[in-house]
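Colleague: Sequence first, predicted coordinates after that:
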Amino acid sequence: MLHEQIKNNIKEAMMAKDSVRLETFRGMLSAFTNELVSKGKKPNEVLGDEDAIAVVTRMAKQRKDSIEQFKKGNREDLVKEEEAQLAVLETYLPKMMDKAEVEKIVKAKKEELGIVDATKKGMLMSSVMKDIKGKADGFVVKEVVDTLFL
């Protein structure tokens, strides 16, 4: 399980004196605990892989947003730190689909639902997002859906 794996990785990062990985793993473990508590479970329980990946995905998105903000503020020192943590987080995320794969799924779902006009774009988008659940970036899916209705 991913949660257990992160606990073990903390020990390895400590022994290797790898501060970036150690800080990232500790943040992940903290986020897992917060997720458990928010779901009404005990903090010492183990989070399932699907929930753990959702937490890591959320953390990676936060890092990307932070990087963007720090670049706007000309804080290269903080950008490098966030990018290093993002690289660690991304090793635990499933490989994202590319635009061509997303396009195939969106077109198939559009046919399946019989959507012909742009008024049902939201329904198509939510249906596709449920199907691919974490395997593609929402921005890519939205871009593909938008291009179908031009």
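Modeller: Nice, I can see it.

Colleague: can we go C-alpha only for contacts and neighbour counts from here?
Modeller: OK.

Colleague: Following element in sequence after the lengthiest helix in the chain, please.
Modeller: Ranked by residue count under DSSP state H, the longest helix found in the chain is helix 49-72. Counting by DSSP states H and E, the next helix or strand C-terminal to helix 49-72 is helix 76-90.

Colleague: buried set for that following helix?
Modeller: 78-79, 82-83, 85-86, 88-89 (16 or more other CA atoms under 10 Å).

Colleague: about what we covered before: so for the longest helix of the chain, mean pLDDT?
Modeller: Taken as a whole, helix 49-72 has an average pLDDT of 91.

Colleague: Also stretch 2-17?
Modeller: Stretch 2-17 comes out at a mean pLDDT of 92.

Colleague: Need the contact partners of that stretch.
Modeller: Under the criterion CA atoms under 8 Å, 6 or more residues apart in numbering, residues 19, 21-22, 25-26, 28-29, 32, 46-49, 52-53 lie in contact with stretch 2-17.

Colleague: What of stretch 61-78?
Modeller: In contact with stretch 61-78 (CA under 8 Å, 6+ apart) are residues 79, 82-83, 85-86.
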